[in-house]
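S.K.: quick one, structure for this:
(one chain, ligands or ions: 1)
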Amino acid sequence: MIEELFTKLENWTWSSAVVGLGYVGLPLVVTQARAGVPVTGFDVKESVIDSLNAGRSHIDDIADDELAEIDARFTSDPAKLSEADVIFICVPTPLAVGKLPDISYIERAGEAIAASLRRGQLVILESTTYPGTTEDTLLPILEKSGLKLEDDFLLAYAPERVDPANASFRTANIPRVVGGATLRSTAAAELVYRRFIEKVHPVSSARTAEMAKLLENTFRWVNIALVNEMSTIARAIGVDIWEVVDAAATKPFGFMPFYPGPGVGGHCIPLDPFYLQWAARVTGEGTRFVELAEAINSRMPQVVVSRVQDALNDHAKALRGSNVLVLGVAYKKNVRDFRESPAKETIGGLQQHGAVVTYSDPHVPSLRDEGIELDSVPLDERTLADADCVLILADHDAFDHQLIARTARLVVDTRNALGRRGLRGDNVVTI
Ligand code: SAJ
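M.R.: Got it, this is the predicted structure:
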């Protein structure tokens with residue numbers, strides 16, 4: 001049966017199923033369908049399946065008309081998984097209490113697949129997780145079916161690499177690392193991705209691929225913390241961190257620019273380093289960079305609140321009773337996701353100091369989370385003029401930056417959104 005699978009993989013006659021239709025899984029379905037793969041999207045949420053079957057996308061990076069162009073099925077029936085030759089797992093890997101890994105979604109997906117696993121299938125895990133998950137956790141679950149790895153089915157790990165709202169890099173042109181639980185699993189996974197991804201990079205094991213993903217995102221976590229710390233030092237020294245970073249970035253080798261911000265959001269960068277931390281602890285190793293970066297990055301919302309307080313002070317105003325208009329509550333520009341956004345802690349901190357906070361975000365119509373009950377207000381002359389301080393937290397392109405620069409009495413710009421547009425007047429300070 002494995003030989004038959006390889007024939008299908010080599011002849012591009014294989015079909016697939018994608019388990020988990022979020023910001024990773026749905027683009028994967030669309031990319032495969034465009035490449036001519038008969039693909040079925042699977043999710044446990046009926047509401048997701050119903051809206052997708054009605055041609056409505058719940059993911060920013062996939063427009064409804066992209067769904068209309070492809071021929072893909074969507075189902076919540078796990079029995080259908082047995083029909084696919086290749087099954088991709090793209091489920092969340094959040095953190096549990098105490099920042100411990102939570103791989104329960106992977107385990108449940110594995111159980112659903114095991115219930116109908118048949119000979120000749122290849123299972124590929126894409127969710128970010130700690131080294132060892134594929135071989136030590138997912139494999140035993142799949143073998144509970146009575147089928148054996150290598151004899152009956154193959155198993156590999158190929159970490160997703162999605163940068164939400166990045167129009168230049170989408171699934172098909174983002175190189176893909178693949179590592180199998182066996183050599184034939186690696187070879188099979190490589191054949192799979194070569195059908196719809198331009199560059200595929202095989203490695204010697206699933207563990208290696210799992211570790212590579214954690215390095216990628218821990219690298220970002222640590223370097224964002226470095227530049228956040230540098231921003232505090234730069235202000236104390238009296239230089240502009242944005243000008244410093246842009247100057248350093250002229251170095252054509254050995255440097256990669258990162259920029260200070262109000263904290264690190266999203267469901268990857270603030271979480272994945274703690275999967276590495278856990279894996280290291282199990283081996284008795286430490287991850288001091290992860291903890292140090294957390295100490296710096298998690299403090300940024302408080303740094304921002306103090307920055308607003310100081311800026312108002314310089315205008316002989318107390319934070320208490322001042323109107324603060326927050327622009328952008330999503331975790332980064334041009335996305336609507338605010339679940340892991342540092343804006344929530346920043347707004348909470350401002351409110352605790354007695355500020356009257358409103359916000360405007362074209363991508364987030366209302367914010368009902370962590371005790372915050374706010375709706376987005378229109379960004380116009382009046383809301384800007386009414387604000388004692390305007391605080392830019394997410395630098396959405398949709399903002400009217402000219403209007404902000406000429407109307408706001410005071411702007412604390414944590415993203416240098418105005419400076420980058422040559423609009424940094426005397427009424428603007430950054431962090
Ligand atoms: N941030 C900074 N300064 C920076 C870069 C980012 O403060 O210089 C902040 C952002 O504002 C955001 C957070 O860090 O709040 C995460 O930013 P991100 O650009 O890493 O965004 P994500 O989490 O949406 O996407 C990332 C991918 N992004 C990029 O590589 C640019 C990548 O790290 C992963 O492929 C992906 O998560 C994932 O799914 O793992």
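
S.K.: pLDDT score for the closest residue to residue 386 other than its chain neighbours?
M.R.: Once flanking residues are discounted, residue 386 sits nearest to residue 323: 5.8 Å by CB to CB, 6 or more residues apart in numbering. The C-beta positions use only the backbone N, C-alpha and C, and glycine is treated the same way. What the model reports for residue 323 is a pLDDT of 98.

S.K.: what's the local residue count around residue 323?
M.R.: Look at residue 323: counted by other CB atoms under 10 Å, it has 15 neighbours.

S.K.: can you name the residues of the stretch 101-250 of the chain that neighbour the ligand?
M.R.: Within the stretch 101-250 of the chain, the positions lying close to the ligand (CB under 6 Å from any ligand atom) are 128, 160, 161, 162, 163, 164, 217, 220, 224.

S.K.: in the stretch 51-200 of the chain, which residue sits closest to the ligand?
M.R.: residue 163 (3.9 Å; CB to the nearest ligand atom).

S.K.: specify the beta-bridge partners of residue 176.
M.R.: residue 200 (DSSP bridges).

S.K.: that one and residue 198 touch, don't they?
M.R.: No: Residue 176 is beyond contact range of residue 198, at 9.0 Å (criterion: CB atoms under 8 Å).

S.K.: and the nearest residue to residue 379 once chain neighbours are set aside, what's its pLDDT?
M.R.: The spatial neighbour of residue 379 that comes closest, neighbours along the chain excluded (CB to CB, 6+ apart), is residue 360 at 4.4 Å. pLDDT for residue 360: 98.

S.K.: same thing with residue 165?
M.R.: Reported pLDDT for residue 165: 85.

S.K.: also residue 339?
M.R.: Confidence at residue 339, expressed as pLDDT, is 82.

S.K.: could you report the separation of it from residue 270?
M.R.: Going from residue 339 to residue 270 by CB to CB, to the nearest Å gives 11 Å.

S.K.: with neighbour numbers in mind, choose between these two.
M.R.: More crowded of residue 339 and residue 270, by other CB under 10 Å: residue 270, with 23 against 12.

S.K.: return the set of buried residues in stretch 105-120.
M.R.: Buried residues in stretch 105-120, defined by neighbour count with 16 or more other CB atoms under 10 Å: 105, 106, 109, 110, 112, 113, 114, 116, 117, 120.

S.K.: stretch 275-282 too?
M.R.: Those would be 275, 276, 277, 278, 279, 280, for stretch 275-282 by 16+ other CB under 10 Å.

S.K.: how is the chain partitioned into domains?
M.R.: Per automatic domain parsing, the domain ranges recorded for the chain read 2-204, 210-254+268-296, 299-431.

S.K.: sorry, back to before: give me phi/psi at the residue nearest to residue 386?
M.R.: phi -90, psi 120 (degrees, to the nearest 10).

S.K.: you'd agree it is up against residue 384?
M.R.: No: contact criterion CB under 8 Å: residue 323 and residue 384 do not qualify, at 10.5 Å.

S.K.: quick one: least confident of the residues of the stretch 101-250 of the chain next to the ligand?
M.R.: Within those, the minimum per-residue pLDDT falls on residue 164 (83).

S.K.: which residue comes closest to that one once chain neighbours are left out?
M.R.: residue 335 (5.3 Å).

S.K.: need the contact list for that neighbour.
M.R.: Residue 335 makes contact with 60, 164, 165, 363, 394, according to CB atoms under 8 Å, 6 or more residues apart in numbering.

S.K.: I'd guessed the second one sits against residue 340; true?
M.R.: Yep, that's residue 164 we're talking about. No: using CB under 8 Å, residue 164 is not in contact with residue 340; the gap is 11.8 Å.

S.K.: and the two? Which one has more around it.
M.R.: residue 164 (20 against 17).

S.K.: which strand or helix spans the spatially most distant residue from the centre of the chain?
M.R.: Here the chain reaches farthest from its C-alpha mean at residue 316, the gap being 40.1 Å by CA atoms, centre = their mean. Using DSSP states H and E, residue 316 sits in no helix or strand.

S.K.: state the distance from it to the ligand.
M.R.: According to CB to the nearest ligand atom, to the nearest Å, residue 316 stands 31 Å off from the ligand.

S.K.: now do the same for that residue: its pLDDT.
M.R.: You'll see residue 316 listed with a pLDDT of 97.

S.K.: mind checking pLDDT for the residue nearest to residue 414 when sequence neighbours are not counted?
M.R.: Leaving out its chain neighbours, the residue that sits closest to residue 414 by CB to CB, 6+ apart is residue 262, at 4.4 Å. Here the pLDDT value assigned to residue 262 is 98.

S.K.: tell me which residues touch residue 262, please.
M.R.: Neighbouring residues of residue 262 by CB under 8 Å, 6+ apart: 300, 301, 304, 342, 343, 346, 393, 414, 415, 431.

S.K.: which of those residues count as buried?
M.R.: Listed as buried from the contacts of residue 262 are 300, 301, 304, 342, 343, 346, 393, 414, 415, 431; burial here means 16+ other CB under 10 Å.

S.K.: part of a helix, is the second one?
M.R.: Yes: per DSSP: H, G, I helix; E, B strand; the rest coil, residue 301 lies within a helix segment.

S.K.: that one touches residue 352, doesn't it?
M.R.: No: in this structure residue 301 lies outside contact range of residue 352 using CB under 8 Å: 11.2 Å.

S.K.: and residue 395, how far from residue 212?
M.R.: Where residue 212 is concerned, residue 395 sits at a distance of 30 Å (CB to CB).

S.K.: the two: which is more packed in?
M.R.: Counted by other CB under 10 Å, residue 395 and residue 212 do not tie: residue 395 has more neighbours, with 22 against 16.

S.K.: can you spell out which helices and strands pack onto the top helix by length along the chain?
M.R.: For the chain, the helix with the greatest residue count under DSSP state H is helix 206-237. When contacts are defined as 3 or more CB pairs under 8 Å, 6 or more residues apart in numbering; DSSP states H and E, helix 206-237 packs onto strand 153-157, strand 176-180, helix 241-248, helix 272-282, helix 288-297, helix 300-313.

S.K.: can you pull the buried residues of it?
M.R.: 206-207, 209-214, 216-218, 220-222, 224-232, 234-235.
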